[in-house]
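Enquirer: structure here, sequence nowhere to be found:
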């Protein structure tokens, strides 16, 4: 009889131990699921914020370039700036509606904008020579008409003392930095020299983009030795009358404050939008 009681007690103790083990296992599994859910929600929220920021900066960058290109020589900076501000308000409303569907609220606020000049010549038989004060330069691209280049006489692009000589010789277009890089491509039709991107006809042409600051200058020398089209935007308030005839007032960059509130986080930051500014 005693032996049967002992067996019963052993079974009871074993059952209790198994119950405790099952409870502990359940707690561990639940903790793991909770941790995974929290981590996943956090990752999704961070990704959502980055996607929002990238979308806003791309949209505003495109807006700035479009409004600058649409400006006329008679426009004041305030005219172009107002057009950009109005476009940013529309972008803010569009992103707000889109993110509201995902239970997130967003806001875009303009902190300030920086004045600039859009300088360009299009389909010119020969370029003008000029120089401008510029504390920054972005999206400087030259499309060279090789039929309108003077063989052996270089066009010179001066980037605050860094001189790039662009010459046609022996059936080739060469870009030479004084005492430095030389890049070469075939002199066939139109040759694109992306100055800020440091690329010649799509190939790398790294001459080392200089640091611009207050008091820096940019310009073209010996313009009559080359023709085609070019465009650049500079951070400057120089009088457009001193520059090529198509020069217009422009917004160089915009500082904007972004905010996003989701059920999981609140995110705020200030970013500068200057589309096409070179990496230095």
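Expert: Looks like it came in fine. On a predicted model such as this, the values are computed, not experimentally measured, just so you know.
Enquirer: all strands for the stretch 101-250 of the chain, in order.
Expert: All strands of the stretch 101-250 of the chain, identified by DSSP state E, counting those that start in this stretch, fall at 105-124, 130-133, 137-145, 155-159, 162-169, 172-177, 182-186, 190-194, 199-200, 203-204, 217-221, 228-234, 248-261.
Enquirer: show me what counts as buried in the fourth one.
Expert: Buried residues in strand 155-159, counted by 16 or more other C-beta atoms under 10 Å: 155-157, 159. Just so you know, the C-beta spots here come from the backbone N, C-alpha and C atoms, and that holds for glycine as well.
Enquirer: let me have the residues you listed in CSV, extended by pLDDT.
Expert: Shown next, in CSV, are the buried residues of strand 155-159 (pLDDT from 0 to 100):
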residue, pLDDT
155, 98
156, 98
157, 98
159, 97
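Enquirer: for the residues you listed, give me a markdown table that also has distance to residue 228.
Expert: Below are those laid out as a markdown table (distance: C-beta to C-beta, whole Å):
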| residue | distance to residue 228 |
| --- | --- |
| 155 | 10 |
| 156 | 15 |
| 157 | 13 |
| 159 | 19 |
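Enquirer: what is the nearest of the residues you listed to residue 175?
Expert: residue 157 (8.8 Å; C-beta to C-beta).
Enquirer: so what's the nearest residue to that closest one once chain neighbours are set aside bridging to?
Expert: Closest residue to residue 157 apart from its sequence neighbours, by C-beta to C-beta, 6 or more residues apart in numbering: residue 164 at 4.4 Å. Per DSSP bridges, the residues bridged to residue 164 are residue 157, residue 177.
Enquirer: so residue 66 sits in a strand?
Expert: No - judged by DSSP: H, G, I helix; E, B strand; the rest coil, residue 66 forms no part of a strand; its state is helix.
Enquirer: list the contacts for it?
Expert: Applying C-beta atoms under 8 Å, 6 or more residues apart in numbering to residue 66 gives no contacts.
Enquirer: quick check: it vs residue 226, distance?
Expert: In this view, residue 66 and residue 226 are 28 Å apart by C-beta to C-beta, to the nearest Å.
Enquirer: likewise residue 238?
Expert: 23 Å.
Enquirer: so how far is residue 114 from the closest residue to residue 249 other than its chain neighbours?
Expert: Nearest residue to residue 249, sequence neighbours excluded (C-beta to C-beta, 6+ apart): residue 77, at 4.6 Å. Computed as C-beta to C-beta, the residue 77 to residue 114 distance reads 10 Å.
Enquirer: what touches both of the two?
Expert: With C-beta under 8 Å, 6+ apart as the test, residue 77 and residue 114 both reach residue 251.
Enquirer: measure stretch 224-233 end to end?
Expert: 22 Å (C-alpha to C-alpha, to the nearest Å).
Enquirer: just stretch 131-145 next, same as before
Expert: Stretch 131-145: ends 22 Å apart by C-alpha to C-alpha.
Enquirer: for it, what is the distance to the chain centroid?
Expert: Stretch 131-145 sits 17 Å away from the centroid of its parent chain (C-alpha atoms, centre = their mean, to the nearest Å).
Enquirer: try stretch 88-107
Expert: 21 Å.
Enquirer: now the nearest residue to residue 69 once chain neighbours are set aside, which residues is it bridged with?
Expert: Spatial nearest neighbour of residue 69, chain neighbours left out: residue 118 (7.1 Å); criterion: C-beta to C-beta, 6+ apart. Beta-bridge partners recorded for residue 118 (DSSP bridges): residue 233, residue 248.
Enquirer: you'd agree residue 118 is up against residue 68?
Expert: Yes - using C-beta atoms under 8 Å, residue 118 is in contact with residue 68, at 4.8 Å.
Enquirer: overlap in contacts, these two.
Expert: In contact with both residue 118 and residue 68: 233, 248, 250, using C-beta under 8 Å, 6+ apart.
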